[in-house]
Structure formats: structure tokens, C-alpha cells
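Colleague: Sequence first, then the predicted structure, then my questions.
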Amino acid sequence: MFPKNRNTFPLIAVLLSAGVVAGLSGIFLLISERLESGINITSEVSVRGQSTIQTSSAKILGSHAATVLSLATTGPLVASSSYNNTVKLWNQAEPEIARSLDHKGKINDLVFTADGQQLITASSSGDISLWNIPSTELSTSFAGSSARIMSVAVSSDNTRFAVGDSSGAIQTWTLDDTLKSIRSNPWGSDSEFPEATTLNTAGPQINTLAFHPANSNLLISGDQAGTIRVWDIAQQKNTLTLEVTPERVLSLSINDKGYIASGHSDASIRIWNLENTQLTQTLVNHDLVVADVAFSPDGTLLASASYDETIKVWDWQRSEVLCTLKGHSGFVYSVAFSGAGDTLMSGGYDGTIRAWDLTAVVNKEC
């Protein structure tokens with residue numbers, strides 16, 4: 001199956017668009033067969049639901065000149081990262097006015113701090129950058145890893161941020177100490193930054209990270225080997241392993257009730273109850289890799305983005321697909337709910353950032 005290697009997929013898509021199909025057709029046939037046979041689920045928790053296709057309500061907020069890899073939202077702002085080393089900040093009220101933040105490497109992931117004052121970006125060059133949102137100026141940038149950083153997460157109480165990289169390392173920093181270092185020495189050397197807490201030093205590539213919304217001491221990781229782990233930051237150890245499968249974990253989202261959604265390379269979504277550590281559901285409706293999942297702010301809806309060019313909005317508690325959203329051309333890499341939960345942002349291979357009105361979805365009228 002496809003790994004979540006954002007350096008590889010745009011190349012695959014370019015080769016296909018250039019007509020290099022004959023040599024790859026056998027590979028994609030095998031992938032198709034793997035998708036049909038590789039989903040190992042039980043009937044009690046699986047669903048392949050039917051849904052309505054909605055194509056007309058998406059507004060194109062803006063675009064990049066290359067693939068959109070990641071999205072983040074805070075208030076009316078949307079941040080998007082692209083394969084061409086750029087990050088753009090969009091205001092939903094004035095989408096035609098975008099501010100660009102240039103980087104020296106591909107930005108695989110980004111996240112706003114909980115107070116919306118900083119944007120943290122993580123790149124393939126291993127650099128971590130913090131941007132002041134009111135001024136859109138770079139607060140600082142430092143080498144967070146010698147490997148490609150694949151994921152970055154911030155705790156909901158704004159106390160910590162963490163990164164995971166292609167070498168399997170996971171590191172966390174105290175956000176307040178980092179910001180104090182920035183204020184006292186804005187362009188200091190790496191040695192002047194607070195020392196990271198290292199949770200893992202090596203292993204399978206870390207594709208995704210998520211903090212528990214009610215406990216900033218707990219960090220959840222998903223990796224290339226198909227493992228979901230819960231880390232206790234204070235103890236600096238892995239305290240729980242939820243799953244070890246051959247299917248890669250590409251994305252994670254956790255709601256305030258402690259339910260974890262994981263998107264996998266076998267086109268499935270798994271729902272976990274962290275309290276009792278049980279797999280409660282396996283949702284199957286996509287045809288290809290699930291690249292991203294996101295719970296709505298109130299935790300009732302789940303959105304998923306897939307390489308099958310669609311986005312699905314789920315009533316996950318009922319294992320029901322409410323809508324299948326079509327509009328992107330090519331892989332859809334990222335989804336993010338607005339703070340109010342009434343709009344869903346999406347980005348992918350076609351370079352566009354689309355805003356979907358979810359009013360009809362919530363009312364089950366799409």
C-alpha cells in the first residue's frame with residue numbers, strides 16, 4: 001500500500017498524468033487487489049455505508065502552485081502548506097488576500113497554538129518554525145530533527161507541542177519555555193532553546209501525532225508499521241499500544257470524550273475508546289488510502305480525506321456516512337473543521353483549498 005510519504009505521492013501523480021501508465025498498471029492492479037483483500041475487520045464493527053454525493057457547495061478559498069499537504073484552522077484563519085515550500089494564511093472573510101510564509105523545505109505539517117497566536121510548521125529539512133500570527137512574522141526557527149519531520153501537534157491547554165519524524169523519533173517541548181526563549185533571544189542558536197523531552201529515539205516513521213484534549217501529558221502516535229501508541233510525557237514512556245497491524249496509520253484525531261479515530265492505508269477508519277482501550281468500530285467506505293481524519297469541534301462528526309478524490313462526513317457513532325464530498329482532482333491529503341464546526345476545509349493534489357458548508361450535512365439534507 002501507499003505509505004504516507006508526502007515526498008513521493010505527487011511524483012506518482014505526475015508520472016500518471018504524463019502518461020507513464022503502462023509500466024505502472026500492474027502495480028496499481030496489485031494495489032487494487034490488496035485493497036479488496038487486505039481489510040481485516042469483524043462484521044460486528046464494520047460498515048460500508050451509502051451516502052449522498054454533494055458537489056455544488058464547496059467554495060474555493062484559494063490555491064497553491066503545487067500539492068496542498070496540510071491544513072490548520074483558528075477562528076476565521078486557515079493555514080495551508082504546500083509541496084513547493086510555502087505556507088499561506090487565508091482569512092475566510094477575505095480569501096483573495098493571502099499571506100505567504102516562505103520556507104526552505106517542504107512543510108509536511110502545521111498547527112496553530114490553542115490561543116491562535118502562533119503557527120508552528122514542521123518541514124522535511126527537520127526545521128521547526130514558529131510564526132507570530134498577528135504580525136505574520138517569523139518568531140524563530142530551529143533544527144528540531146536531523147530527519148524529515150512528518151507531524152506536529154499542540155496540546156489543547158497550550159502548554160506543549162510535539163513532533164514526530166521519519167526516523168521514528170518523538171520529541172516534545174514546553175511551549176511557554178520556548179516562547180520565553182524567543183522573547184529573550186529571538187534569533188538564538190539551537191543550544192539556547194529549551195531541551196526537548198524525547199519519548200522515542202528510533203523506529204518506524206511517525207506519520208501522525210495527537211494530544212489528548214483533556215490531558216496534555218498524554219500523546220498519541222501513529223506510525224508506518226501500523227502501530228498506535230499512547231505516551232506518558234512525564235514518565236517518558238509508552239504506556240499503551242492499541243494496535244499493531246501491517247496497515248500504516250496515516251492520521252489520528254481524538255475528541256474530548258476520549259475516542260480516537262485513525263485513518264489507514266487499507267482505506268479503513270478505526271474508532272477506539274481510549275478509556276477501555278477497545279476498538280469500537282471499523283468504518284469502510286473509501287476506495288483508497290485514508291490520508292486524514294478530523295473530529296468536529298463538538299466531537300459528533302468525523303471527516304475523512306482519501307486518495308479516492310473524495311471527502312466523507314460521518315455520523316461516526318451510528319457508523320453512517322452523511323455525505324460524500326467531491327470536487328478535488330487527485331488525492332485529497334488534508335481536512336480541517338472551522339472553529340464553529342459549520343465549515344470543512346480540504347486540500348490536496350490539485351493545489352486548491354476548498355471550503356464546504358456543512359449546514360446541509362448536519363441537517364442530513366445533502
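Modeller: That came through fine. Everything quoted here is computed from the prediction, not taken from an experiment.
Colleague: Hmm, residue 246 is touching residue 224, no?
Modeller: No. Using Cβ atoms under 8 Å as the test, residue 246 is too far from residue 224 to be in contact (10.5 Å). Where you see a C-beta, it was placed from the backbone N, CA and C, and this is true even at glycine.
Colleague: Which one's more surrounded, those two?
Modeller: Between residue 246 and residue 224, counted using other Cβ atoms under 10 Å, the more crowded position is residue 224 (20 against 11).
Colleague: Quick check: that one vs residue 167, distance?
Modeller: 11 Å (Cβ to Cβ, to the nearest Å).
Colleague: which neighbours do those two share?
Modeller: Residues touching both residue 224 and residue 167 (Cβ atoms under 8 Å, 6 or more residues apart in numbering) are residue 205.
Colleague: Tell me which stretches of the chain form helices.
Modeller: 9-17, 22-37, 175-184, 359-362 (DSSP state H).
Colleague: Among the ones you listed, show the one with the smallest mean pLDDT.
Modeller: Lowest mean pLDDT of those: helix 22-37, a mean of 32.
Colleague: Outside of stretch 288-299 itself, list whatever touches it.
Modeller: Stretch 288-299 has contacts (Cβ under 8 Å, 6+ apart) with 1-2, 4, 35, 250-257, 259, 261-265, 267-269, 301-308, 331-337, 339-341.
Colleague: can you tell me which of those are in strands?
Modeller: Taking DSSP state E, the ones among those that sit in strands are 250-254, 259, 261-264, 268-269, 302-306, 332-337.
Colleague: Quick check: which ranges of this protein have low pLDDT?
Modeller: The chain contains residues with pLDDT under 70 at 1-57, 180-194, 360-366.
Colleague: Out of the contacts of stretch 288-299, which end up buried?
Modeller: Neighbour counting over these (16 or more other Cβ atoms under 10 Å) leaves 1-2, 4, 35, 250-255, 259, 261-265, 267-269, 301-308, 331-337, 341 as the buried ones.
Colleague: List the buried residues in stretch 161-181.
Modeller: 161-175, 178-179, 181.
Colleague: can you dump the C-alpha coordinates of it into PDB?
Modeller: Below are the C-alpha coordinates for stretch 161-181, written out as PDB (Å, rounded to 0.1, in the frame of the first residue of the first chain):
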ATOM      1  CA  PHE A 161       4.000  20.900  21.300                       C
ATOM      2  CA  ALA A 162       5.500  17.700  19.800                       C
ATOM      3  CA  VAL A 163       7.000  16.500  16.600                       C
ATOM      4  CA  GLY A 164       7.500  13.100  15.100                       C
ATOM      5  CA  ASP A 165       9.900  12.300  12.300                       C
ATOM      6  CA  SER A 166      10.900   9.800   9.600                       C
ATOM      7  CA  SER A 167      13.500   8.100  11.900                       C
ATOM      8  CA  GLY A 168      10.800   7.300  14.500                       C
ATOM      9  CA  ALA A 169      11.800   9.900  17.000                       C
ATOM     10  CA  ILE A 170       9.200  11.800  19.000                       C
ATOM     11  CA  GLN A 171      10.100  15.000  20.900                       C
ATOM     12  CA  THR A 172       8.100  17.400  22.900                       C
ATOM     13  CA  TRP A 173       8.800  20.900  24.200                       C
ATOM     14  CA  THR A 174       7.100  23.100  26.800                       C
ATOM     15  CA  LEU A 175       5.500  25.900  24.700                       C
ATOM     16  CA  ASP A 176       5.800  28.600  27.400                       C
ATOM     17  CA  ASP A 177       9.500  28.000  27.900                       C
ATOM     18  CA  THR A 178      10.100  28.100  24.100                       C
ATOM     19  CA  LEU A 179       8.200  31.400  23.700                       C
ATOM     20  CA  LYS A 180      10.200  32.800  26.600                       C
ATOM     21  CA  SER A 181      13.400  31.800  24.800                       C
END
